[in-house]
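[1] got a predicted structure here, sequence first:
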Amino acid sequence: MSGDAAGVRVRRIAPGDWDAIVDLEAGTYAAAGLSEGRAALESKARVSPDTCFALEWAAGGPGQRGPSGGPRQPGGPGPRLAGYLLALPYPEGAYPGLADRESAAHASRHLHLHDMVIAEHARGRGLGRRLLGRLTAAAPAQGYDRISLIAVAGSHTFWSANGFTTRPGAVDVHGYGPDAVYMTMPLPHRTPARDEVG
């Protein structure tokens with residue numbers, strides 16, 4: 001599932017994506033004091049590259065600016081990075097600390113969706129659901145049975161509409177802002193392929 005329809009492509013994060021990812025992340029979280037920085041973001045993708053995705057959008061096109069006023073990505077016309085998603089295995093009820101660098105993946109069937117950002121100019125077009133759909137399609141095949149996240153800045157309504165339920169007070173989400181809430185969603189069980197069955 002590459003998500004190529006309508007000028008949208010969801011793919012694994014590539015090394016050349018990080019400048020744009022850092023720009024998107026800072027533009028979304030810096031004002032709230034929740035920005036992590038490049039090293040922490042890269043470390044989360046490094047421990048679980050198969051559950052971290054970039055979203056290119058052709059309509060994002062040239063001329064889109066980052067929060068600092070500089071270009072989001074160099075180059076001519078064509079698809080631009082309009083979003084990303086970082087998810088990594090973590091024990092249920094636990095989560096990565098903001099700005100913490102991850103050195104190894106946890107052995108867990110539980111996946112923590114640490115961060116998902118859609119560029120401001122691309123919001124309201126279903127691109128967040130597209131990124132989440134890629135993760136929920138890929139995760140069961142990799143042995144994951146549940147996804148958690150910490151909803152920040154009022155985003156719990158988006159996550160609730162996409163199958164996540166809140167667990168208020170179940171997990172201390174210290175450091176993620178005053179309205180942060182821990183949410184989870186079960187994943188569908190993967191049906192084994194015919195050649196995997198006995």
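    Yes, it's here.

[2] which residues in this structure form strands?
    Ranges of strands in the chain, per DSSP state E, are 8-12, 52-57, 80-89, 110-118, 146-151, 165-166, 181-186.

[3] L24: which of the ones you listed is closest?
    With C-beta to C-beta as the measure, strand 110-118 is the member of the strands of the chain nearest L24 (4.8 Å). (Glycine included, C-beta is placed from N, CA and C.)

[4] go ahead and confirm M183 touches L149.
    Yes: contact status for M183 versus L149: in contact at 5.5 Å, counting by C-beta atoms under 8 Å.

[5] what do those two both touch?
    Residues within reach of M183 and of L149 at once, by C-beta atoms under 8 Å, 6 or more residues apart in numbering, are W159, F164.

[6] pLDDT below threshold where in this structure?
    Scanning the chain with the threshold set as pLDDT under 70 gives 1-5, 60-79, 168-170, 190-198.

[7] residue closest to the middle of it?
    Of all residues in the chain, the one closest to the mean position by C-alpha atoms, centre = their mean is L85, 2.0 Å from it.

[8] that one and M116, how far apart?
    Using C-beta to C-beta, to the nearest Å, we find L85 at a distance of 4 Å from M116.
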